[in-house]
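In: starting from these lines, generate the structure:
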Amino acid sequence: MELKIPPPVTSGSLTFKVHRREPEFVSPSKPTPRELKLLSDIDDQEGLRFHIPSIFFYRHNPSANSDPVALIRRALAETLVNYYPLAGRLREGPNRKLAVDCTGEGVLFVEADADVTLAEFEEKDALRPPFPCFEELLFDLEGSSEVLNAPLILIQVTRLKCGGFIFAIRLNHVIADAGGLSLFMKTIGEFARGCHAPTIPPTWERHLLNARVPPRVTQTHREYDEPTTAETEPATGDGETLVSKSFFFGGAEMSSLRRLLPPDIANSSTGIETLTAFLWRHRTAALRPNPNKEMRVIFIVNARPKLKNPTLPPGYYGNAFAFPVAIATARDLREKPLEFALRLVKEAKASVTEEYMRSLADLMVTKGRPKFSTDGAYLISDVRNFADIDLGVWGKPVYGGIGTAGVVDFPGSSFYVSAENRNGERGILVPVCLPEKAMQRFVEELEVVFDGQSVVSSGGSKSLHKLIVSCL
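Out: Numbers count the residues shown, from 1 in each chain. The predicted structure is shown next:
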């Protein structure tokens, strides 16, 4: 295969070249069933019909004598025997119902090399989203991001000069959620280690999250509100240039947030709930929408622990989450204390019960599988579990998470990533995408909060300076 040599890529002050070989299909290593497998009524909603990318950096393991590309390619083929629907193609039937045609055609796989080391990424503090070089580390092959009749997965494995490598993957979201992707990647790691079967066998069982017969919507699902014309003024800027920054929240920052709250709610709230309320409130202030505009925060909740009758099998890799929404006017968020936003976030999170999920599936079939409302919305997803994806002989990633701020056609989303700062402290990294002027105001908002709390880093600089760890 010919080696493609593109121009140098720049990540901050880090410049390198990525050489990609021609893409190939990796198919299951053994024959698999040819069948049509229906997705669940949670899977095939409009809001999940896109491809979501993630990226993982792994260190060189001197005891691993194999080429990582070759070993991962082989392990992937073995994994696809167990996860054979992922080697198929998506079809749409009557009433927009989606199904996987298990053709065994395979997933797209790209082999690449970059003339850079992992240490260089670390020295330049470039091991953070948003990665300006992300498009080179997960190359968008023409036609590969279609939802129907296209590969469900694209993987690019890029060797680094140090012997480490980057594993970048893009997944059609209707097939799996973050928990499902973790199961899939951990199985690749097990086969790379030499295992002959996955520790947790995958199960399809998508009927477990189908609508009831007859469907009956019993809960309020305001995340799927249909906005009126009057409600759709832009809340993320009108034609203004979008910029992305990542913010690091370690122990000192989280303690500062808790000090903004009355002790009772501070002690009864998780760090994630508190951080979500804080970001929602200050992002709204930075955007400066009409004071009467309804602003929303959608916090993705894993529903697996909620489902008891029946429970989902441990190997269930389909989408099993909800988009509960908290709603308040911009004026209330701005003028009322953080406690107000936090109580709304907690109420929305607590609303996700087993009946809520059954009602949600019923809503999908009665309303034509709608998309969640993005008007005035800020979506939060917690993918900190990606930091624990053990890829066999290479162990856990140095960085594992999202590669950019925002997702396709919806910049108003952030992902919580588990990461270490330059001092080795583990915390929560939050990529944020905003219009340029709003981002300036957002940074100023944080400066007021953290300077006011006198949070000082070990080097004597104000906390804000270590909060912003990567910009684009």
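In: residues contacting the residue nearest to residue 404 when sequence neighbours are not counted?
Out: Nearest non-adjacent residue to residue 404, counting by CB to CB, 6 or more residues apart in numbering: residue 130, 4.9 Å away. Where you see a C-beta, it was placed from the backbone N, CA and C, and this is true even at glycine. Neighbouring residues of residue 130 by CB atoms under 8 Å, 6 or more residues apart in numbering: 244, 245, 246, 403, 404, 405, 431, 433, 470, 472.
In: how much space separates residue 130 from residue 122?
Out: As defined by CB to CB, to the nearest Å, residue 130 lies at a distance of 17 Å from residue 122.
In: picking up where we left off before, can you pick out the most distant pair from the contacts of residue 130?
Out: Maximum pairwise distance among the contacts of residue 130 (CB to CB): 14.6 Å, between 245 and 403.
In: pLDDT score assigned to the closest residue to residue 39 other than its chain neighbours?
Out: Nearest residue to residue 39, sequence neighbours excluded (CB to CB, 6+ apart): residue 98, at 4.6 Å. We have a pLDDT of 97 for residue 98.
In: who does residue 98 bridge with?
Out: Beta bridges link residue 98 to residue 92, judged by DSSP bridges.
In: okay, buried residues for stretch 96-109 please.
Out: 98, 99, 100, 101, 102, 104, 106, 107, 108, 109 (16 or more other CB atoms under 10 Å).
In: who is the residue nearest to residue 153 when sequence neighbours are not counted paired with across the strands?
Out: Once flanking residues are discounted, residue 153 sits nearest to residue 107: 4.0 Å by CB to CB, 6+ apart. In this entry, residue 107 is beta-bridged to residue 26, by DSSP bridges.
In: which residues sit in contact with residue 107?
Out: 25, 26, 76, 80, 86, 87, 151, 152, 153, 154, 155.
In: what pairs with whichever strand in the chain runs longest, parallel or antiparallel?
Out: In the chain, assigned by DSSP state E, the strand with the most residues is strand 426-435. Strand 426-435 has the following sheet partners, assigned by DSSP bridges: strand 242-249 (antiparallel), strand 413-420 (antiparallel).
In: got any ranges where this structure has weak pLDDT?
Out: The model of the chain has pLDDT under 70 over residues 1-13, 132, 227-239, 452-472.
In: how about the helix or strand where residue 79 lies: buried residues?
Out: Using DSSP states H and E, residue 79 falls within helix 68-82. Buried residues in helix 68-82, counting neighbours by 16+ other CB under 10 Å, are found at 68-69, 71-82.
In: alpha carbons of it, as PDB, please.
Out: Presented in PDB, the C-alpha positions along helix 68-82 are these (Å, rounded to 0.1, in the frame of the first residue of the first chain):
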ATOM      1  CA  PRO A  68       0.600  -2.400  17.900                       C
ATOM      2  CA  VAL A  69      -1.100  -1.900  14.500                       C
ATOM      3  CA  ALA A  70      -0.800  -5.600  13.600                       C
ATOM      4  CA  LEU A  71      -1.800  -6.800  17.000                       C
ATOM      5  CA  ILE A  72      -4.800  -4.500  17.300                       C
ATOM      6  CA  ARG A  73      -5.900  -5.400  13.700                       C
ATOM      7  CA  ARG A  74      -5.800  -9.100  14.600                       C
ATOM      8  CA  ALA A  75      -7.500  -8.600  18.000                       C
ATOM      9  CA  LEU A  76     -10.200  -6.400  16.300                       C
ATOM     10  CA  ALA A  77     -11.000  -9.200  13.800                       C
ATOM     11  CA  GLU A  78     -11.400 -11.700  16.700                       C
ATOM     12  CA  THR A  79     -13.500  -9.200  18.700                       C
ATOM     13  CA  LEU A  80     -15.900  -8.800  15.700                       C
ATOM     14  CA  VAL A  81     -16.700 -12.500  15.900                       C
ATOM     15  CA  ASN A  82     -18.400 -11.700  19.200                       C
END
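In: from the chain's centre, how far out does it sit?
Out: 23 Å (CA atoms, centre = their mean, to the nearest Å).
In: which other helices and strands contact that helix?
Out: strand 24-26, strand 107-114, strand 153-159, strand 165-172, helix 178-193 (3 or more CB pairs under 8 Å, 6 or more residues apart in numbering; DSSP states H and E).
In: coming back round to it: show me which of the buried residues of stretch 96-109 is closest to residue 279.
Out: residue 98 (32.6 Å).
In: which residues touch the closest one?
Out: 38, 39, 43, 44, 90, 91, 92, 174.
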